[in-house]
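> Sharing a model that was predicted from the sequence below.
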Amino acid sequence: MRQEKAERITITLPPDMLATIKEKVGSGSYGSTSELIREAVRLWQKREEEHQARLSAIRERLEHSAQNGNPVPLDTAFESIEELHKKRIKKNVS
């Protein structure tokens, strides 16, 4: 794996976040502050990618639903959802 040239940046963090970072680096969980921040950014990137994938799937399902089947009146849809909710509550209470 080829390492790209890194660029130095400056960030400002609240004291509690900085203390947590220093604690983790001091304990040996991370080799450096930069290593911890890179890991945090990787996790954030992964979460963003997963979020975009979920949105894309929702959009595809909405588009598919709009193009197929018969429309359901809003009141009927909410009544069905309410009935399903009541059944789940009853099942969980039993």
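Received, thanks. In this text the structure is predicted, and so the values were computed from the model without any measurement.

> Spatially, what comes nearest to E39 if we skip its sequence neighbours?
Counting by C-beta to C-beta, 6 or more residues apart in numbering, E39 lies nearest to Y30, which is 7.1 Å off, once chain neighbours are set aside. C-beta here means a position set from N, CA and C on the backbone, and glycine is covered the same way.

> check contacts around that neighbour.
24, 36, 39 (C-beta atoms under 8 Å, 6 or more residues apart in numbering).

> tell me which element the second one is part of?
Secondary structure here is read from DSSP states H and E; on that basis L36 sits in helix 33-67.

> Ok, the first one next?
Counting by DSSP H and E, the element that carries K24 is helix 15-27.

> Report all helices and strands that that helix contacts.
The elements that helix 15-27 packs onto, with contact taken as 3 or more C-beta pairs under 8 Å, 6 or more residues apart in numbering; DSSP states H and E, are helix 33-67.

> now the helix it packs on, how far from the chain's geometric center?
Relative to the centre of its chain, helix 33-67 is centred 6 Å away, using C-alpha atoms, centre = their mean, to the nearest Å.

> what angle do that helix and helix 15-27 make?
120 degrees (axes from the mean of the first three to the mean of the last three C-alpha atoms, to 10 degrees).
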